[in-house]
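Asks: Build me a structure from this.
(one chain, ligands or ions: 2)
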Amino acid sequence: MQAAVLEALDRLVLKEMGVPEIDDDSALLRVESVAICGSDVRILHHGNPRVKPPAIMGHEAAGVVVKAGKNVTRVKEGERVALGADVPCGQCRWCRTGLGNNCEINYAVGYQIPGAFTQYMKLPRLLLEEGPVTPFSEAISFDDAALAEPLACAVNGLELAGMSLGKSIVIIGLGPIGCMMIDLARVMGATKVIAVQRSLKRMEIAKAYKADVYIASEAEDVVARCREETGGEGPDVVVTTCGSVEAHEQAIEMVAHRGCVNLFGGLAKDARPLNVLSNTIHYKECFVTGSHGSTPRQHEIAVRLIEKGIVRVAPLVTHQYPLSRIHEAFETMESRQGMKIVVHPQL
Ligand SMILES: [Zn+2]
Ligand SMILES: [Zn+2]
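Replies: Ligands and ions are numbered 1, 2, ... in the order given. Predicted structure coming up:
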């Protein structure tokens, strides 16, 4: 089989290798779709302490179980399954209470666990027992199912932001996550969705997602406009689905009294600290939360939301490549020309 192996920083190599052997407690997945995540690009160029080359990246994946060991009960041969990223260790306080994305070890597919930029991958015992492995129906494509992983992270963000019936929400950054959040906020009860984006290209795709208001952040005073759109009070929820420190500051500045900010997008390591007056938070009694990854429960919710057509992910797939063209796929991702770039290892 073929696999794309990260051999060193900036060195992703297509290799012929043997199909992984499975034992009684593991299963073999034929990978049909695997989307490139922003984190894959960061790992390729900057590394990650949890990824030790030679390693196989790729965690936004879906495929078919072609073999299951005799002790495996979680999946069956022939079943279509989607994978998430974060795999709870099952032992620590966080994992035992269902918050595996806060686990200190933070095992993840495509990190410590060999990932999906390959034709076949092993689903090891820990992943099958504790991790995000969700069977899905033929109603959706493998590409759609692969995107349950980023959607699960979006679910985590809006749960932490306390999204609920009748609230207004501002989403800053209309990449794939921001777009998914428009649909998600709606189904969680948002009565006003305000979408903010800098680049006009992404704005075009984002318009397939019916936010009530689209704001081009380059052309307008975002804070003033979001306040105006919410009757002068500010939005109940603000999510920053971008890596901009200014957006994080604007979010805290614009949020309503008792509102909630979710700092969803991580910032670059060398980003400057937030410049925020703590009295802004103090007087508004607002909440500032973060979010990182997702739990297996949220991954299952994400798969069901896609299956039912409640959150649409298909409009986000702008490019598809066979595994043999994975370098081109990464280049397209880095050029920011598209939204989701999906690799098909069987082509
Ligand atoms: Zn991802
Ligand atoms: Zn743990």
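
Asks: Could you pull out the buried residues of stretch 321-329?
Replies: Neighbour-count burial for stretch 321-329, counted by 16 or more other CB atoms under 10 Å, picks out Y321, L323, R325, I326, A329. C-beta here means a position set from N, CA and C on the backbone, and glycine is covered the same way.

Asks: got it, and stretch 286-301?
Replies: By 16+ other CB under 10 Å, the buried positions in stretch 286-301 come out as 286-288, 291, 293-301.

Asks: Kindly report the same for stretch 246-255.
Replies: A247, H248, E249, Q250, A251, I252, E253, M254, V255.

Asks: again, but for stretch 203-211
Replies: Neighbour counts over stretch 203-211 (16+ other CB under 10 Å) mark M203, I205, A206, Y209, A211 as buried.

Asks: so which of these comes closest to ligand 2?
Replies: Minimum distance to ligand 2 across the buried residues of stretch 203-211 is 34.7 Å, recorded for Y209 (CB to the ion).

Asks: residue contacts, the residue of the stretch 101-250 of the chain found nearest ligand 2?
Replies: As assessed by CB to the ion, ligand 2 sits closest to C103 within the stretch 101-250 of the chain, at 3.0 Å. C103 sits next to D86, P88, C89, C92, W94, C95 when contact means CB atoms under 8 Å, 6 or more residues apart in numbering.

Asks: List buried residues within those residues.
Replies: Counted by 16+ other CB under 10 Å, those give D86, P88, C89, W94, C95 as buried.

Asks: I'd say the second one and C95 touch.
Replies: Think P88. Yes. Under the criterion of CB atoms under 8 Å, P88 makes contact with C95 at 3.8 Å.

Asks: intersection of neighbour lists for the two?
Replies: Common contact partners of P88 and C95 (CB under 8 Å, 6+ apart): C103, E130.

Asks: And stretch 19-27, what's buried?
Replies: V19, P20, I22, D25, S26, A27.

Asks: and if you look at stretch 234-247?
Replies: 234-245, 247.

Asks: Adding secondary structure as columns, could you present those in a markdown table?
Replies: What follows is the buried residues of stretch 234-247, written out as a markdown table (DSSP: H, G, I helix; E, B strand; the rest coil):
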| residue | secondary structure |
| --- | --- |
| G234 | coil |
| P235 | coil |
| D236 | coil |
| V237 | strand |
| V238 | strand |
| V239 | strand |
| T240 | strand |
| T241 | coil |
| C242 | coil |
| G243 | coil |
| S244 | coil |
| V245 | helix |
| A247 | helix |
